[in-house]
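J.: Mind looking at a prediction? Sequence and model below.
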Amino acid sequence: MANNCDLANFSVQNMTRCGRDIRLLGDSADCMEEAANRIATYLRSTLLCGETGSKACALVRLFKTSSFSSLESDLQNFVRSRLENESVSPDMKCLVLLATAGEEYEWNSKGKSTGHMVIPLPNEEVIRKVPMIHNLISEMGLSISSVIRPDPGLIMCMEQKQYGVFFVPEARGCSHIPAQNEFVIPYGIRSVLGFGGQFPSGDIYVVIMFLKIPLSVETADLFKPLALDVKVALLPHADAVFGNMDATTNRASQKRKEALRSEIGALKELLETREKSVIEQSDRLYKEISTRKRVEKDLLQAKEEADEANRVVNEYITDMNSESDKAQFAPGRTLPKCSQRSLRVLLAEDNSVNRTIVRSMLEKCGHTVTVAVDGKEAISFFENEKPFDLILMDVQMPEMDGLEATAFIRKKEKSSGGHVPIIALTGQSMKEARDICMKAGMDDYISKPLRADNIFSIIERVVPSPPANATNTKSAFDTPGGDVFDLEDALSFMNKDLNILGHAVKIFIRECPVMLSDIRSAIDAGKPTALSMAAHKLKGSVANFSARHVHERALALEKLGKGGDLNGAKEGLTALEKEIDRLLIAFAPFAATN
């Protein structure tokens with residue numbers, strides 16, 4: 001038998017395998033009723049809710065029309081009681097319950113389903129008064145008259161058609177589905193699905209499933225072919241609906257059954273051969289679709305990250321090109337020595353403020369910079385781009401950190417040869433942090449906040465070049481940040497360039513609300529690790545401006561997160577927000593000048 005399947009994600013593969021299983025259920029049955037019970041039980045046990053693994057069908061029932069004269073005496077008495085004083089014709093069609101399987105104990109015995117054991121269908125007017133039966137017949141593509149008065153001349157052509165499905169996507173509040181308060185709402189019925197067909201005798205059969213999950217139209221349509229599989233399982237027992245025939249009738253029935261089984265057996269072989277091909281082809285197709293979806297998702301994410309990085313850089317370049325080349329360095333400062341040759345630099349840094357500052361400094365010294373926002377992207381550039389002269393690698397990044405990325409690169413170099421210098425960018429300045437970086441295969445490290453003189457001196461040490469002439473320039477710009485941030489110190493981080501400072505301030509002003517929101521969300525959700533990461537990111541951003549008070553407040557929150565104790569975190573956030581407000585006021589003139 002087929003494996004259980006998630007009904008919400010029911011596929012062509014599931015449909016094909018279920019159909020094969022259903023056909024087999026009639027092989028060893030003694031009568032149609034037994035085969036029907038197997039089918040109802042199979043559908044209820046096989047179709048599951050993917051998220052919970054619970055059964056998707058609250059109730060499954062299988063009905064068949066039969067003439068009044070063919071019913072057992074107790075069912076005939078029930079029909080007479082339902083029709084009260086109306087005359088009953090021996091040929092009158094009745095919808096008889098053959099099988100039932102459901103959540104409640106009494107739903108698993110047709111004898112206990114007294115209200116639905118048999119439904120008389122005396123005429124079209126009565127059927128129209130039962131909305132569910134009326135719509136069931138109509139949506140299957142049958143006329144009411146063909147059900148209650150089958151025409152032998154039309155049965156052959158009608159028998160070959162594929163019938164539609166009866167589908168109610170939302171059962172709650174639907175006028176077609178009765179017992180709303182007694183059944184639909186208490187048992188969480190979301191959708192109703194029915195499918196079936198017509199026997200050579202003109203009698204119809206239908207499977208009705210009351211589902212606890214909402215079903216799509218596309219999934220409902222996949223049950224159309226299963227109606228034929230149910231027919232194949234039931235048809236050999238057309239002369240033995242119930243297991244209570246006399247010996248003579250039983251022998252005649254057995255002969256017809258064997259003839260039908262022989263014919264159906266040949267059809268099964270043909271179906272199984274085609275089904276095997278369908279399953280194999282659909283397996284390959286689904287795998288290919290799944291692979292393509294993953295690739296498309298990865299490409300889309302990479303494009304979004306690349307677009308954001310390019311947007312920030314292009315914004316900076318536009319601002320820079322609009323400025324004159326007049327000297328803009330702090331009084332008394334000298335420009336740090338740049339390499340006299342242009343280097344191809346890979347910069348891996350997830351913090352957009354740090355990324356923009358370092359890239360700008362490097363490009364002003366004539367270097368070509370490729371930007372990666374995490375370790376995975378850095379590895380991709382390393383493997384697919386032209387060789388780099390230098391890699392600046394942030395240690396703490398999402399997806400893959402700098403240590404992992406460095407280890408991967410060094411392992412690659414062992415087989416391919418070569419050695420690209422890697423300088424760590426880290427928020428830690430202790431000796432232990434340096435040892436960790438060196439052990440991972442890095443050549444040197446720079447502590448944050450990143451100062452231009454530190455960056456260029458370490459680059460010169462790792463990638464030596466002929467000495468370059470230093471330059472002294474002046475700046476008439478003088479807007480102190482007071483005790484909120486150290487302007488002179490901040491400029492030293494940014495190559496003494498007020499354009500870079502102004503642009504970095506703009507980026508910080510734009511991204512600061514998001515960083516504060518991340519900190520607030522982590523505190524509200526009680527997630528220490530998320531708080532530590534969010535506070536670390538904000539701390540790294542403000543370190544570039546020597547904003548001591550904000551830095552201290554962010555560091556305090558980061559430590560709370562690392563310690564796993566959020567007591568005092570809300571108060572710490574309030575103090576941080578006050579310092580942020582002061583910093584933004586001090587930043588205003590710098591943002592306005594760029």
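T.: Done, it's in.
J.: only C-alpha atoms for contact and neighbour calcs from this point on.
T.: OK.
J.: give me the low-pLDDT residue ranges for the stretch 151-300 of the chain?
T.: 151-163, 243-284, 286, 295, 298-300 (pLDDT under 70).
J.: just the strands in it please.
T.: Under the criterion DSSP state E, counting those that start in this stretch, strands of the stretch 151-300 of the chain are mapped to 165-168, 191-198, 204-211.
J.: For Asn37, which of these is the nearest?
T.: strand 204-211 (11.1 Å; Cα to Cα).
J.: quick one: contacts of the closest one?
T.: 40, 56-65, 147, 189-199 (Cα atoms under 8 Å, 6 or more residues apart in numbering).
J.: cool, stretch 413-429 as well?
T.: Against stretch 413-429 from outside (Cα under 8 Å, 6+ apart): 388-396, 402, 406, 410, 437, 441-449, 462-463, 540.
J.: sorry, back to before: for Leu234, which of the strands of the stretch 151-300 of the chain is the nearest?
T.: Between Leu234 and the strands of the stretch 151-300 of the chain, the shortest gap by Cα to Cα is with strand 204-211, which sits at 9.2 Å.
J.: Between strand 191-198 and that closest one, find me the angle.
T.: Angle, strand 204-211 to strand 191-198, by axes from the mean of the first three to the mean of the last three Cα atoms, to 10 degrees: 170 degrees.
J.: Direction included, what does strand 204-211 pair up with?
T.: Sheet pairing of strand 204-211 (DSSP bridges) gives strand 57-67 (antiparallel), strand 191-198 (antiparallel).
J.: quick one: low-confidence ranges for this structure?
T.: In the chain, residues with pLDDT under 70: 1-3, 85, 151-163, 243-284, 286, 295, 298-341, 429-430, 464-483, 592-594.
J.: Strands along that one, start to end?
T.: Along the chain, counting by DSSP state E, strands occupy 5-6, 47-48, 57-67, 93-102, 118-121, 165-168, 191-198, 204-211, 344-348, 368-372, 390-394, 422-426, 444-447.
J.: what's next to the second one, contact-wise?
T.: I take that to be strand 47-48. So strand 47-48 is in contact with Asn4, Cys5, Asp6, Leu7, Ser54, Lys55, Ala56, Cys57, going by Cα under 8 Å, 6+ apart.
J.: Sort out which of these are buried, if you could.
T.: When the contacts of strand 47-48 are checked for burial by 16 or more other Cα atoms under 10 Å, the buried set is Asn4, Cys5, Asp6, Leu7, Lys55, Ala56, Cys57.
J.: Export the residues you listed as JSON lines, with columns for distance to Thr46.
T.: As requested, the buried ones among the contacts of strand 47-48 are exported to JSON lines (distance: Cα to Cα, whole Å):
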{"residue": "Asn4", "distance to Thr46": "5"}
{"residue": "Cys5", "distance to Thr46": "6"}
{"residue": "Asp6", "distance to Thr46": "9"}
{"residue": "Leu7", "distance to Thr46": "9"}
{"residue": "Lys55", "distance to Thr46": "8"}
{"residue": "Ala56", "distance to Thr46": "9"}
{"residue": "Cys57", "distance to Thr46": "9"}
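J.: quick one: which of the residues you listed is nearest to Phe508?
T.: For the buried ones among the contacts of strand 47-48, the closest approach to Phe508 (Cα to Cα) belongs to Asp6, at 47.3 Å.
J.: Let me see the contact set for that closest one.
T.: Leu47, Leu48, Cys49, Gly50.
J.: Just give me the closest of those residues to Leu71.
T.: Leu47 (32.0 Å).
J.: What about that closest one, how many residues nearby?
T.: Leu47 has 23 neighbouring residues, counting by other Cα atoms under 10 Å.
J.: Now do His149: how many residues are near it, please.
T.: One correction, residue 149 is Arg, not His. So Arg149, with other Cα under 10 Å, has 16 neighbours.
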